[in-house]
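>>> Just a sequence and a predicted model for now, questions to come.
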Amino acid sequence: MKKTILILAVTGTMVGLCAMPSCKKKDNAQPATMTLYDSLGGTEMVSDPSNSGQMIEKGRLGIRSVVDSTIFVIAADPELNVFFPTLLSEVTASNLSGFSALSKNLTDFFCVATGAKNFTYSGKSMVAAHDPAQNPRMNGKADAADFDKFVADLVVGAKKVGLSDQLIGRVGAIVNTTKSDVVQK
């Protein structure tokens, strides 16, 4: 009986020690690589200037600021705003529901694409979002020149909210990965 208790005690101690994380620092530990999301503000919680009394991750707020600024730049751009007559007519009539939905979807997309861990993108695929047959809010298919104009407007929108050229370049690299899906004519 004593032998059984001793074996159980030793076994339990061994299992417990194996389950505990090691306190010893690993010699080959690499510093954590910052994601683009971290560079855009990361997970630090800050007051949301658009929603009084609510908090938002600083990275998400930064991305949303760029997204919203870019939407306004595109709305004023006669070369691109022709793709969004429904959205423009809604906003002109003080209906911001479409704007809010677009802002949220694009913000979610960029949060995920830049490495955020606390968000998911559940919007349409880039192909479906830019195909009028699958997205009735889209007026026409974009060509390569339209895409390039969008990128130029994105840069203007990002600069308006103070994003550095280095970060704009990193965001631009993400946007360029969508070109083959967005350009459909």
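Received it, and whenever you're ready, just let me know what you need. In this text the structure is predicted, and so the values were computed from the model without any measurement.
>>> helices and strands around the host helix or strand of residue 169, which ones?
Assigned by DSSP states H and E, residue 169 belongs to helix 165-176. Applying 3 or more C-beta pairs under 8 Å, 6 or more residues apart in numbering; DSSP states H and E, we find helix 165-176 packed against helix 36-39, helix 97-113, helix 144-160. C-betas here are computed from N, CA, C, even on glycine.
>>> Quick one: closest of those to residue 79.
helix 144-160 (5.3 Å; C-beta to C-beta).
>>> What residues of the closest one count as buried?
Neighbour-count burial for helix 144-160, counted by 16 or more other C-beta atoms under 10 Å, picks out 146-147, 149-150, 153-155, 157-158.
>>> how far off helix 165-176 does the helix or strand hosting residue 70 point, in degrees?
Using DSSP H and E, residue 70 maps to helix 58-75. With axes from the mean of the first three to the mean of the last three C-alpha atoms, to 10 degrees applied, the angle from helix 58-75 to helix 165-176 works out at 70 degrees.
>>> quick one: average pLDDT of the helix or strand that comes right after helix 58-75?
For helix 58-75, the succeeding helix or strand toward the C-terminus, using DSSP H and E, is helix 85-92. On average, the pLDDT along helix 85-92 is 96.
>>> re the thing from before, to residue 50, which of the helices and strands packed on helix 165-176 lies closest?
helix 97-113 (9.7 Å).
>>> and the buried residues of helix 144-160 as CSV, adding pLDDT and distance to residue 164?
What follows is the buried residues of helix 144-160, written out as CSV (pLDDT from 0 to 100; distance: C-beta to C-beta, whole Å):
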residue, pLDDT, distance to residue 164
146, 98, 26
147, 98, 23
149, 98, 22
150, 97, 20
153, 98, 18
154, 97, 14
155, 97, 12
157, 98, 14
158, 97, 9
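>>> Now tell me which helix or strand of the chain has the poorest mean pLDDT.
Using mean pLDDT, DSSP states H and E, helix 2-19 stands out as the lowest-scoring helix or strand of the chain, at a mean of 35.
>>> pLDDT weak spots in the protein?
Across the chain, the ranges flagged by pLDDT under 70 are 1-31.
>>> Many thanks, we can stop here.
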